[in-house]
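Undergrad: I'd like to go over a predicted model; first the sequence, then the structure.
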Amino acid sequence: MTTLLELKHVSKQYGSDTKALSDISFAVKEGEFVSIIGPSGAGKSTLLRCMNRMIEASSGAIIFDNADITAFRKRELKKLRTSIGMIFQHYNLVNRLSVIENVLHGRLGYKSMLAGVLGIYTEEEKKKAHAILGVLGLQEQIYKRCDQLSGGQKQRVGIARALVQNPKMLLCDEPIASLDPNASKVIMDHLAHICSTMGITVVVNLHQVDVALSYSNRIIGVNKGTIVYDGTPAGLTKDRLRGIYGAEYDELEGSGGRNAG
């Protein structure tokens with residue numbers, strides 16, 4: 001498998017004394033499903049958002065699809081972000097707009113500013129949006145306003161918006177943190193299906209260790225801005241979990257072993 005994303009010695013400093021990330025290096029191959037786990041405040045969101053430059057790394061190199069994106073300027077960044085879909089914990093939808101309108105916003109990276117402002121989309125784009133919504137089980141909701149949807153439905157709209165971009169990779173920042181267990185399973189099943197059938201690389205931040213163990217090819221454990229584990233779910237022993245979560249590990253055990261984190 002070809003390497004799609006590589007981080008080389010990436011650090012992120014806020015001010016003079018807060019280091020969110022410290023000397024992070026790893027590579028992700030095409031078609032991998034990678035979960036990033038770790039305690040609250042470990043740097044998981046910062047790490048994910050450095051991958052598409054929503055947050056600027058303070059040092060190091062980020063190579064995506066054979067290009068060093070740390071040097072990209074505005075126009076190149078716009079093009080880059082069509083290849084990297086982003087899925088957010090709180091959905092980032094426009095509630096007053098319909099499901100289909102929100103999904104078509106995923107095409108804005110391909111548009112001129114005028115076409116974007118006027119909401120001009122081709123028939124092909126509209127057909128693709130409809131087809132993706134069908135795959136995600138949202139046929140009945142296509143013309144509903146997004147504020148009429150459940151949390152799980154909103155997150156599926158967020159996934160559809162990312163997929164309509166034709167991305168090579170999905171970055172998912174705590175995509176199930178606001179959802180109940182049933183809705184969470186639906187979302188994770190869709191992400192796994194997207195990865196296995198479409199070959200889209202998925203990198204997901206998760207708060208739930210058991211979910212990471214169930215769905216991932218690979219797990220990266222982060223603590224205090226550094227990688228403390230990078231390996232298979234099978235290799236994630238209790239001792240290694242304790243190394244990732246530190247003092248929080250005992251709470252993990254108390255809540256049923258591997259349910260949260």
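TA: Noted; the coordinates are in hand. Residues are numbered from 1 along each chain as shown.
Undergrad: in which helix or strand would I find the residue nearest the centre of the chain?
TA: By Cα atoms, centre = their mean, the chain has its centre lying nearest to Cys172, at 1.6 Å. For Cys172, the host element (DSSP states H and E) is strand 169-173.
Undergrad: so which elements touch that strand?
TA: Contacts defined by 3 or more Cβ pairs under 8 Å, 6 or more residues apart in numbering; DSSP states H and E place strand 169-173 against helix 44-50, strand 84-87, helix 181-198, strand 201-205. No exception for glycine: its C-beta is placed from N, CA and C like everyone else's.
Undergrad: apply 6 Å and report the result again.
TA: helix 44-50, strand 84-87, strand 201-205 (3 or more Cβ pairs under 6 Å, 6 or more residues apart in numbering; DSSP states H and E).
Undergrad: can you list contacts of the longest one?
TA: What it means is helix 44-50. Contact with helix 44-50 is made by 12, 20-21, 36, 38, 55, 57, 171, 173, 205, 222, as judged by Cβ atoms under 6 Å, 6 or more residues apart in numbering.
Undergrad: what's the offset of it from the middle of its chain?
TA: 9 Å (Cα atoms, centre = their mean, to the nearest Å).
Undergrad: same deal with stretch 146-162?
TA: 15 Å.
Undergrad: would you mark the buried spots in that stretch?
TA: 146, 149, 151-162 (16 or more other Cβ atoms under 10 Å).
Undergrad: contacts for that stretch, please.
TA: So stretch 146-162 is contacted by 85, 87, 91, 93, 95, 99, 102-103, 105-106, 132-133, 136, 138, 170, 178-179, 183, 186-187 (Cβ under 6 Å, 6+ apart).
Undergrad: give me phi/psi at Asn223?
TA: phi -140, psi 130 (degrees, to the nearest 10).
Undergrad: local confidence estimate at it?
TA: Predicted confidence (pLDDT) at Asn223: the value is 93.
Undergrad: hang on, the earlier thing: turn the buried residues of stretch 146-162 into a markdown table, including secondary structure, pLDDT and distance to Tyr121.
TA: Converted to a markdown table, the buried residues of stretch 146-162 look like this (DSSP: H, G, I helix; E, B strand; the rest coil; pLDDT from 0 to 100; distance: Cβ to Cβ, whole Å):
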| residue | secondary structure | pLDDT | distance to Tyr121 |
| --- | --- | --- | --- |
| Cys146 | helix | 95 | 17 |
| Leu149 | coil | 95 | 21 |
| Gly151 | helix | 94 | 27 |
| Gly152 | helix | 94 | 26 |
| Gln153 | helix | 96 | 22 |
| Lys154 | helix | 96 | 21 |
| Gln155 | helix | 96 | 23 |
| Arg156 | helix | 97 | 20 |
| Val157 | helix | 97 | 16 |
| Gly158 | helix | 96 | 18 |
| Ile159 | helix | 97 | 19 |
| Ala160 | helix | 97 | 14 |
| Arg161 | helix | 96 | 13 |
| Ala162 | helix | 96 | 16 |
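Undergrad: out of those residues, which comes closest to Arg81?
TA: When those are ranked by distance to Arg81 (Cβ to Cβ), Ala162 comes first, at 10.5 Å.
Undergrad: assign the nearest residue to Ala42 once chain neighbours are set aside to helix, strand or coil.
TA: Nearest non-adjacent residue to Ala42, counting by Cβ to Cβ, 6 or more residues apart in numbering: Val222, 4.6 Å away. Per DSSP: H, G, I helix; E, B strand; the rest coil, the secondary structure class of Val222 is strand.
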